[in-house]
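Peer 1: this one's sequence-less:
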């Protein structure tokens, strides 16, 4: 059994106001700061930035206004900005895309190569600048992962830069930073956590240790969503813990069809990754259940029957209710109907064989047809 996690983690209300202390512990003298334009209007974020820049008056600051997940071309542009006035560390504040941008810039600052040359799983690269991640949404898990998602516009694919050297030195998770985010973004990010937890739980590469994180992450996130009190700091802390647990589990196991479908739909229709995963999650679980997979019973925090099959049915019924409560869409709003099921299944299967192979039961193009048919 192998298990890894390489990021120091601090979670607490108002913790972002102490960022200067965390940077001092890392002996940072001149930080580069990348922040998400979506948080710029938050009074709390403004206090966080003011606290940071009052100590680090030489900080190099970049506001990331790029809409959606970053491209390699955008990464190149931002890296050039920082190369013109080099910092000795980076702080990335915002959603998963801005945190991923921070990882990419940190690596390019010490590797003077084209961003596209690092796509996939680069080897032989220099250590990046130290990176501190500060998420403003809780669910992607980008704050503790080594994966960084970037889109290759020429190929129309998400490929990313995936190196264990990308691990942030520290993640500072403050639920206060997420309080002004639109509720639909909060929900989409939380659903991303559920996808990570379920895919990693069922992955054929799971371990007993990774499943501990899968189960804990799922239950905390699911409960927070069910309670429908996401305006409370306590609920946001549950989402923060769920996000970390789900991503740690995913890194130490592997993904499955849901995450694969989400990548395909997200690139094709620019659907936020968390929402794209949510669309497929429940029906992938139901498909696996109908094929005789009953291990999902272990995810159900409200077990009231000893039968794994009945417990799994209870969980799927609770998820049906949660989907109604959160108004998670089907594929219909994105232009898909019964006549497009076969084409969607074929294209997704061709692009995502790796994700499909992680499913706990055999998952083929015909399986994709069965899942997609329930969503059109």
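Peer 2: Good, I have the coordinates. Everything numeric in this text was worked out from a predicted model, so none of it was measured.

Peer 1: how about residue 214, what does it touch?
Peer 2: The neighbourhood of residue 214, defined by CB atoms under 8 Å, 6 or more residues apart in numbering, consists of 197, 198, 200, 201, 206, 245, 246, 249, 253, 299. The C-beta positions use only the backbone N, C-alpha and C, and glycine is treated the same way.

Peer 1: which ones among the residues you listed map onto helices?
Peer 2: Taking DSSP state H, the ones among these that sit in helices are 197, 198, 200, 201, 245, 246, 249.

Peer 1: tabulate those residues (CSV), appending pLDDT and distance to residue 130.
Peer 2: Output for those, formatted as CSV (pLDDT from 0 to 100; distance: CB to CB, whole Å):
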residue, pLDDT, distance to residue 130
197, 96, 29
198, 96, 33
200, 96, 28
201, 97, 33
245, 96, 24
246, 96, 25
249, 96, 25
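
Peer 1: three-state assignment of residue 171?
Peer 2: The three-state label for residue 171, taken from DSSP: H, G, I helix; E, B strand; the rest coil, comes out as strand.

Peer 1: what do you get for residue 362?
Peer 2: Using three-state DSSP, the structure places residue 362 in coil.

Peer 1: contact partners for it?
Peer 2: When the contact criterion is CB under 8 Å, 6+ apart, the partners of residue 362 are residue 291.

Peer 1: relative to residue 45, how far out is it?
Peer 2: Residue 362 is 47 Å from residue 45, where distance means CB to CB, to the nearest Å.

Peer 1: picking up where we left off before, widest-spaced pair of the ones in helices among the contacts of residue 214?
Peer 2: Checked with CB to CB, the ones in helices among the contacts of residue 214 reach their widest spread between 198 and 245, with 12.2 Å between them.

Peer 1: returning to that earlier point: quick check, nearest of the ones in helices among the contacts of residue 214 to residue 344?
Peer 2: Residue 344 lies nearest to residue 198 out of those, by CB to CB, at 21.1 Å.

Peer 1: give me the neighbour count for that closest one.
Peer 2: 29 (other CB atoms under 10 Å).

Peer 1: any weak-confidence spans in the stretch 251-376 of the chain?
Peer 2: 301-305 (pLDDT under 70).

Peer 1: give me the next element, helix or strand, following the host helix or strand of residue 267.
Peer 2: Assigned by DSSP states H and E, residue 267 belongs to helix 257-269. As assigned by DSSP H and E, the chain's next helix or strand after helix 257-269 is helix 273-290.

Peer 1: circling back: could the contacts of residue 214 go into a markdown table alongside distance to residue 347?
Peer 2: A markdown table is the format used below for these (distance: CB to CB, whole Å):
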| residue | distance to residue 347 |
| --- | --- |
| 197 | 27 |
| 198 | 23 |
| 200 | 25 |
| 201 | 27 |
| 206 | 28 |
| 245 | 32 |
| 246 | 27 |
| 249 | 28 |
| 253 | 26 |
| 299 | 30 |
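
Peer 1: just the buried members of those?
Peer 2: Neighbour-count burial (16 or more other CB atoms under 10 Å) is assigned, among the contacts of residue 214, to 197, 198, 200, 201, 206, 245, 246, 249, 253, 299.

Peer 1: follow-up on the earlier one: compute the inter-axis angle for the helix holding residue 267 and helix 273-290.
Peer 2: Helix 257-269 and helix 273-290 meet at an angle of 140 degrees, taking axes from the mean of the first three to the mean of the last three CA atoms, to 10 degrees as the criterion.

Peer 1: leaving out sequence neighbours, find the closest residue to the spatially most central residue of the chain.
Peer 2: Nearest to the mean C-alpha position of the chain, by CA atoms, centre = their mean, lies residue 140 at 2.0 Å. Take residue 140 and drop its neighbours on the chain: the residue closest to it by CB to CB, 6 or more residues apart in numbering is residue 96, 3.2 Å away.

Peer 1: correct me, but the one you found touches residue 145?
Peer 2: No. Distance between residue 96 and residue 145: 9.2 Å, which falls outside the contact criterion (CB atoms under 8 Å).
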